[in-house]
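[1] for reference, the sequence and a predicted model appear below.
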Amino acid sequence: MKKIIIVLVLAFPLAMHAIDQGFYISFATRILIYAMAAASLNLVLGYGGMVSFGHAAFFGAGAYIVGILAAEGVTSLWIAWPAAIVAAGLAALVIGAISLRTRGVYFIMITLAFAQMMYYVFVSLKAYGGDDGLSLPSRSTGLGVSLANDFAWYYLVLVLLMIILYLLHRLLRSRFGRVIEAIRENETRATAVGYPVYRYKLLCFVISGAIAGLAGALIANQTSYVGPALLHWVQSGTLMIMVILGGVGRFWGGPVGAVVLLALEELFSGSPLLGPYSLHWQLPVGVILLAVVLFAPQGISGAFAKKPQ
Amino acid sequence: MLSLKNLSKRFGGVVAVDGVDLEVAAGEVHALIGPNGAGKTTLIGQISGSLSSDSGAISFLGVDITRAKPHDRVRAGLARSYQITSIFRRFTVLDNLALAVQARSGSSFSFWRPVAAETALFDEARALASQVGLSGRTNAVASTLAHGEQRSLEVGLALATRPKLVLLDEPMAGMGPEESNRMIGLIGRIRAQVAVLLVEHDMDAVFRLADRISVMVNGRLIATGSPEKIRMNEEVRKAYLGDELAA
């Protein structure tokens, strides 16, 4: 199973190229980027137990940093992408520092509110396109190969996703990762054995936001366009649905959810499957989401796991 | 080692804890008894820092901790258990204890090295498991333990912080006689290394374990003294013990 997936992921662009379906290379790259964003959300939501409904803020912030820098003539990825990571991390620091003083529904609402505030900031940012967003003249530069080439772009995104997933894998097994899960399990007890839980939660939130910022930098390059829709609450909801579909607090939950949701969206909206009804592609996707929540509460990756996590 | 001066706590118009003065000495088991609603759990909350105090002062090992954060109090050597069992239910017994040991030993802002490689943590966790009588259950998920075992695990979590004083809030709550006996044995063993402030309704346990007893009624301490003195105290009998002890 594992080997098949590895071969599939590595050979996918070549296969698509061979059968002259180049569009799907770009589509697969988009999935990889969303896999990274969803994995970052799963860190706070699934492992940290912090139901953030404003994750698009960090995703969008990362994208806008790349867009704004490009508009100002800075296209080097060595500058733009770290800047996106740092900016998203800082946004997460500020938003988290305030939001994490609340719990439960209040936390959900306050993260949503912050993300919507940022959405409106970018809507009214006339210098950088306002409502209309901002087109990038080209993909980022600095690697020696042109990222306009869809092959190069796919494999670069794949490598970055693998690096991020490996870092998350290490983190979740480290002392820090155990504390994060312990706080999700029982925050009162975590405090009572001596952990300053607020600091751990805030750092987890910042790490998650920073990774979402990198994913945002990639999505800006992917479409060569950034717009306020990237920060809209619907975007936060999409990431959340990916995590729920894939498996909350399951390591592969984010990536699996991104693959499944985007593939379903493509299947029902773009293909002739539903004919004239393809406008209403959300309906079958919604039914499938319902089925997963009802019958596989651990998500798709949980349903196939050998042992409960 | 622990000293409360004129400590009070109000919830709206209700005075839950009303000017309590209390001393817990090193090495003693100090029982805190009183009818339901007397304010015992509120007082434990104030001492552990999960509740703030409206007035008065708390000092621990000579340091004023009235405004200290709960986790800082734990680091200073003040651990607690809860009336309603509070453990990491989806972790194994060993992981529960290792996590508590980890809180005390070294920084947990460590992101790379797997915890599983830290044998020292798990060795100490195993030692704790055997201390609280769970050495045969280390790989069991905590939620699958029997009630009495979960209570023991919680005491283990408190001990993992290497406290100088533990606050045990009704450790025998919900236990049958056999489990209670085991818990009494456990507290009897840990008293050698740590002072205990014990809130308990089980009078048999209290009189077997306590060096001193304080009686709380309506938010006030009405008496403190040796078990004999408390047994004889008229006011205590009237307010609380009633016929239970006369029998």
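    Good, I have the coordinates.
[2] phi, psi of the residue in the stretch 101-250 of chain A that chain B sits nearest to?
    Across the stretch 101-250 of chain A, the shortest distance to chain B (C-beta to the nearest C-beta) belongs to A:Gly194, at 3.7 Å. The way it works is simple: take the backbone N, C-alpha and C, and place the C-beta from them, glycine included. When quoted as degrees, to the nearest 10, the phi and psi of A:Gly194 stand at phi 110, psi 10.
[3] near chain A, which residues of chain B are found?
    Residues of chain B lying close to chain A (C-beta under 8 Å from any C-beta of the partner chain) are B:48, B:50, B:69-71, B:74-75, B:79-80, B:82, B:86-91, B:95, B:99-100, B:102-104, B:106-116, B:118, B:157-158, B:160-161.
[4] make it 6 Å
    Residues of chain B lying close to chain A (C-beta under 6 Å from any C-beta of the partner chain) are B:70-71, B:74-75, B:80, B:86, B:88, B:90, B:99-100, B:102-103, B:108, B:110-115, B:157, B:161.
[5] show the buried residues in these.
    B:70-71, B:74-75, B:80, B:86, B:88, B:90, B:99-100, B:102-103, B:108, B:110-111, B:115, B:157, B:161 (16 or more other C-beta atoms under 10 Å in any protein chain shown).
[6] filter these down to the ones in helices?
    Under the assignment DSSP state H, these contribute B:Pro70, B:His71, B:Val74, B:Arg75, B:Leu99, B:Ala100, B:Gln102, B:Ala103, B:Leu157 to helices.
[7] who touches the first one in this structure?
    Okay, so that is B:Pro70. Neighbouring residues of B:Pro70 by C-beta atoms under 6 Å, 6 or more residues apart in numbering or on different chains: A:Thr191, B:Gly49, B:Ser50.
[8] buried ones only from the residues you listed, please, as a PyMOL command.
    Burial among the contacts of B:Pro70 is assessed by 16+ other C-beta under 10 Å; the matching PyMOL selection reads:
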select buried, (chain A and resi 191) or (chain B and resi 49)
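[9] all strands for the chain, in order.
    Answering for chain A, as no chain was given. Remark: strands assigned in chain A by DSSP state E are A:134-135, A:225-226.
[10] please refer instead to chain B.
    All strands of chain B, identified by DSSP E, fall at B:2-11, B:14-24, B:29-33, B:55-60, B:63-64, B:78-80, B:165-169, B:195-199, B:212-217, B:220-225.
[11] among those strands, show me which one is buried the most.
    Mean neighbours per residue, mean count of other C-beta atoms under 10 Å in any protein chain shown, is largest over these for strand B:78-80, with a mean of 27.
[12] who does that one touch, helix- and strand-wise?
    strand B:165-169 (3 or more C-beta pairs under 6 Å, 6 or more residues apart in numbering or on different chains; DSSP states H and E).
[13] alpha carbons only: can I get the strand it packs on in PDB?
    Taking C-alpha atoms only, strand B:165-169 is exported to PDB below (Å, rounded to 0.1, in the frame of the first residue of the first chain):
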ATOM      1  CA  LEU B 165       2.900  18.400  49.900                       C
ATOM      2  CA  VAL B 166       0.100  16.700  48.100                       C
ATOM      3  CA  LEU B 167      -3.500  17.900  48.300                       C
ATOM      4  CA  LEU B 168      -5.800  14.800  48.000                       C
ATOM      5  CA  ASP B 169      -9.400  15.700  47.400                       C
END
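[14] rewinding a little: of all the contacts of B:Pro70, which comes closest to A:Leu231?
    A:Thr191 (33.5 Å; C-beta to C-beta).
[15] list the contacts of the one residue sitting closest to the centre of chain A.
    The centroid of chain A falls nearest to A:Ala37 when counting by C-alpha atoms, centre = their mean (1.2 Å). Counting by C-beta under 6 Å, 6+ apart, A:Ala37 touches A:Phe59, A:Ala212, A:Ala215, A:Leu239.
[16] with adjacent residues omitted, what lies nearest to it?
    A:Ala215 (3.9 Å; C-beta to C-beta, 6 or more residues apart in numbering or on different chains).
[17] then A:Ser278?
    A:Ser269 (5.3 Å).
[18] the one you found contacts A:Tyr277, correct?
    No - between A:Ser269 and A:Tyr277 there is no contact under C-beta atoms under 6 Å: 10.2 Å.
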